[in-house]
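In: Have a look at this prediction, sequence included:
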Amino acid sequence: MATVYRDRVKETTRTTGLGAYIFDGPVNGFQAFSGIGVNNSTFYCCEDGTTWEVGSGVYTTNQLTRLPIATSNNDALVNWGGGTRFIYGVVPASQIGASGALDSLNTLSDVTVTSPTFPQRLSYNGARWVNSGIFPNDIPSGLFATTLASGTPTGSKVLMGNTSWDFPYGPLVTAIDGATITFDLSKSSEFITTLGGNRTLALTNNTVGQRFITRLVQDGVGTRLVTWFAGANWPGGVAPTLTVTANKADWFEFINVSGTTYDGRTLGLNY
């Protein structure tokens, strides 16, 4: 799913109630909402000259879901009665302001993002926040509503729904090899380490709900084993068997479910 904009999109609709908008066809000289593409999102305004609704929605064949941003009904969905009204593509003022702030601020310590329904990652590249998750380029204009705070930005944030997890120094951190290898979860959610011997793994600065992954690499000798950190919980209660071939790597993922328990799974072996 992507957020798509098209110029001169305007149709009529006779939708009643609170359901999705059903289109009756484009106004003469304008484009149809079908140009947005199935399962893509966009912004709209629907009005009859008195009552109005500005919002975002996902386009499916000849209809658009409704999520209000600002309306004449105290910003709630309008319960439309009978009659014909216009619906057209817009870029809401609140969305333009959010994007502009992301583009221009050079001092930023926190970003709270509302509205995405998929995981995203924001990374500060020294001049602006860019989206290094699903979207390959900078954050599309108007996609997020944001709350900005002052400070010096570093690293990246992972975003899911209306929640952000802050990883100030990520994304991929090399954990220092030693008798005990410690993963500092305040610095990243992604770690790589080369095992120079049989090692004990440990965690620090972890947060309930945080996900993290580790890449354990055998050194040139191989046959290295690990003792997992306290609370590591595996399917069936059985820890995975590491690949012990020299220079090969295994990937594992965990989620902190209680502060003392970390449900884990194998992402892949023998890389």
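Out: On my side now, so go ahead.

In: Start from the N-terminal end of the stretch 101-250 of the chain and give the strands.
Out: If DSSP state E, counting those that start in this stretch is used as the criterion, the strands of the stretch 101-250 of the chain fall at 110-114, 120-124, 129-131, 145-149, 156-160, 163-167, 172-174, 180-184, 190-195, 199-204, 211-218, 226-227, 232-233, 249-256.

In: so what's V217 bridging to?
Out: According to DSSP bridges, the residues that bridge with V217 are T194, A249.

In: my guess is it contacts T193, does it?
Out: Yes. Using CB atoms under 8 Å, V217 makes contact with T193 at a distance of 6.9 Å. For the C-beta atoms, the positions are set from N, CA and C on the backbone; glycine is no exception.

In: The two: who's more crowded?
Out: Summary of the neighbour comparison: V217 and T193, criterion other CB atoms under 10 Å, with T193 having more neighbours (22 against 17).

In: how deep is the closest residue to the more buried one other than its chain neighbours tucked in, by neighbour count?
Out: Of all residues not flanking T193 in the chain, A175 sits nearest, at 4.1 Å (CB to CB, 6 or more residues apart in numbering). The burial count assigned to A175 is 21, neighbours taken as other CB under 10 Å.

In: Can you give me every residue that contacts A232?
Out: Neighbouring residues of A232 by CB atoms under 8 Å, 6 or more residues apart in numbering: 239, 254, 262, 264.

In: how about the helix or strand containing the last one: buried residues?
Out: Under DSSP states H and E, the secondary-structure element containing G264 is strand 262-268. With burial defined by 16 or more other CB atoms under 10 Å, the residues of strand 262-268 counted as buried are 262-264.

In: before we move on, what about stretch 76-87?
Out: By neighbour count with 16+ other CB under 10 Å, stretch 76-87 contains the buried residues 78, 80, 85-87.
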